[in-house]
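[1] What follows is a predicted protein model with its sequence.
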Amino acid sequence: MPDFLSEAQAIFDYTRNLRRDFHRHPELGFQEVRTAGIVTRELNALGLEVASGIAETGVVAMIEGERPGPVVLLRFDMDALPIEEETGAEYASQTLGVMHACGHDGHTAIGLTVARLLHAHQSELAGSVKLVFQPAEEGLGGAKRMVEEGVLQNPRPDYSLALHLWNEKPVGWIAAAAGPTMAASETFSVRITGRGGHGALPHTAVDPVVTAAQIIMALQTIVARNADPVETAVVSVTSVHGGSAHNVIPPYVDLDGTIRSFDPEIRAMVLRRFREIVEGVAGALGCSTEIVIDDITLAVDNDPALVEKVQNVAAKMFPDANLMTEFQTMGSEDMAYMMDDIPGCYFLVGSANPEKNLDAKHHHPKFDFDEAALPRAAALMAAAALDVLNG
């Protein structure tokens, strides 16, 4: 096995400069035009054949090994979030109201670094590497769009790998766990319609505010009383809007939120009970409802054999690392759509450093990570890909 860690550290300036450039110029999902242009430029510079414009701004390239073998897909997401940055970093976002608050700038830089590392060892590859730079991971369906537009064809991958920088844990922490690792996710929007009226004359109205309050509380019983206690799920109402004056009962109230689960049967139960509770409570209080539930992604379900390979590579490359072999988070990842059809391993690499105040959580305005995680993540991904092909 090549010493990918030393090689990644030798080109750390390349990786860091890319990451900071992406961070200064964040782009929302399906708008990653500048980012995709840089990705295409860097891949072309390696002499790779590049396909762009997949799912609007996605980029795909192949590294062909000199010996026959399987195809491994490596996925890196590119999109930013609609958050105003508060880090004060010299490389802070220059785009008002948009920032890389989840590390995808790092993922894209890692992907280009991995491309350089594996291209330098092209003669050692028994098979091919399919590099996929994905748009719109943050709830907009980028992976699903890429699958629909053929990213899993021509050639069809045999295996898939993806990673996430993880600011919940410090640099030196790695997680690669078999089975469900990240949750399936749905979003919901509910409009509760009653009859508006004067706040001093509630008997002349049908109050959707009281109905909304009852529904919000009742929804919490799904996890507390309908789910098996050894299983898990989340039902969170995260937005409530209704009314415009202190003395007016509004005609309707809007609720929005998210549902998370791992097990398909639990997921089906939660969705069924959600509708039953919303419609039942609203009906009992004289209101009608409109319910919209959007599927965001499936659960990320890691293949045990691939996980074992990543664990073994990580243990050899980082003997002093805190390597977690059991891990779950209610965070979601649409890489699940690619892994639903292709055996895969989605692993996490610690990126926080409290001593440098680089430990704000994902999706926070002060999110930033320790760039020492970049060469570690790139080296691990390159070594895992090589091991999957040559193993």
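    That came through, no problem.
[2] what about the closest residue to Phe318 other than its chain neighbours, which SS state?
    In space, and not counting its chain neighbours, Phe318 is closest to Ile174: 6.7 Å by CB to CB, 6 or more residues apart in numbering. Bear in mind the C-beta positions are built from the backbone N, C-alpha and C, glycine included. Of the three states, Ile174 takes strand under DSSP: H, G, I helix; E, B strand; the rest coil.
[3] Quick one: the strands in the stretch 51-200 of the chain, in order.
    Taking DSSP state E, counting those that start in this stretch as the criterion, the stretch 51-200 of the chain carries its strands at 58-64, 67-77, 126-134, 159-170, 173-175, 179-182, 184-193, 197-198.
[4] what packs against the longest one?
    Read it as strand 159-170. strand 67-77, helix 104-120, strand 173-175, helix 304-317, helix 336-339, strand 344-352, helix 373-390 (3 or more CB pairs under 8 Å, 6 or more residues apart in numbering; DSSP states H and E).
[5] So which elements touch the fourth one?
    Using 3+ CB pairs under 8 Å, 6+ apart as the contact criterion, the elements in contact with helix 304-317 are strand 159-170, strand 322-324, strand 344-352, helix 373-390.
[6] quick revisit: right, and the helices and strands packed on strand 159-170 - which one's nearest Thr40?
    Ranking these by proximity to Thr40 (CB to CB) places helix 104-120 first, at 10.5 Å.
[7] The closest one to strand 126-134, inter-axis angle?
    Counting by axes from the mean of the first three to the mean of the last three CA atoms, to 10 degrees, helix 104-120 points 160 degrees away from the direction of strand 126-134.
[8] so where's the stretch 101-250 of the chain shaky on pLDDT?
    Along the stretch 101-250 of the chain, the model assigns pLDDT under 70 to no residue.
[9] Ser351: what's it in contact with?
    Contacts for Ser351 (CB atoms under 8 Å, 6 or more residues apart in numbering) come out as Gly103, Gly106, Leu165, Trp166, Asn167, Lys169, Val171, Leu358, Phe369, Asp370, Ala373, Ala377.
[10] In TSV: those, plus neighbour count.
    Converted to TSV, those look like this (neighbours: other CB atoms under 10 Å):
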residue	neighbour count
Gly103	25
Gly106	30
Leu165	26
Trp166	24
Asn167	24
Lys169	19
Val171	21
Leu358	22
Phe369	27
Asp370	21
Ala373	25
Ala377	30
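[11] Next, count neighbours for Val237.
    Val237: 17 surrounding residues under other CB atoms under 10 Å.
[12] Next one: it from Glu42, what distance?
    According to CB to CB, to the nearest Å, Val237 and Glu42 sit 43 Å apart.
[13] right, and Ala377 touches Leu163 too?
    Yes. With contact defined as CB atoms under 8 Å, Ala377 reaches Leu163; the gap is 5.8 Å.
[14] list residues touching both of the two?
    Common neighbours of Ala377 and Leu163 (CB under 8 Å, 6+ apart) are Ile110, Val349.
[15] Might you report the residue contacts of the residue nearest to Gly197 when sequence neighbours are not counted?
    Nearest residue to Gly197 in three dimensions, chain neighbours excluded: Ala205, at 3.0 Å (CB to CB, 6+ apart). Residues near Ala205 by CB under 8 Å, 6+ apart: Gly194, Arg195, Gly196, Gly197, His198, Ile249.
[16] one more time with 6 Å, if that's ok
    Residues near Ala205 by CB atoms under 6 Å, 6 or more residues apart in numbering: Arg195, Gly196, Gly197, Ile249.
[17] And the most centrally placed residue in the chain, how far from Asp256?
    Nearest residue to the geometric centre of the chain (CA atoms, centre = their mean): Glu333, 3.5 Å. Using CB to CB, Glu333 is found at 21 Å from Asp256.
[18] what does stretch 383-391 contact?
    With CB under 6 Å, 6+ apart, stretch 383-391 has contacts from 4, 69, 72, 74, 125-127, 129, 159, 161, 309-310, 313, 317.
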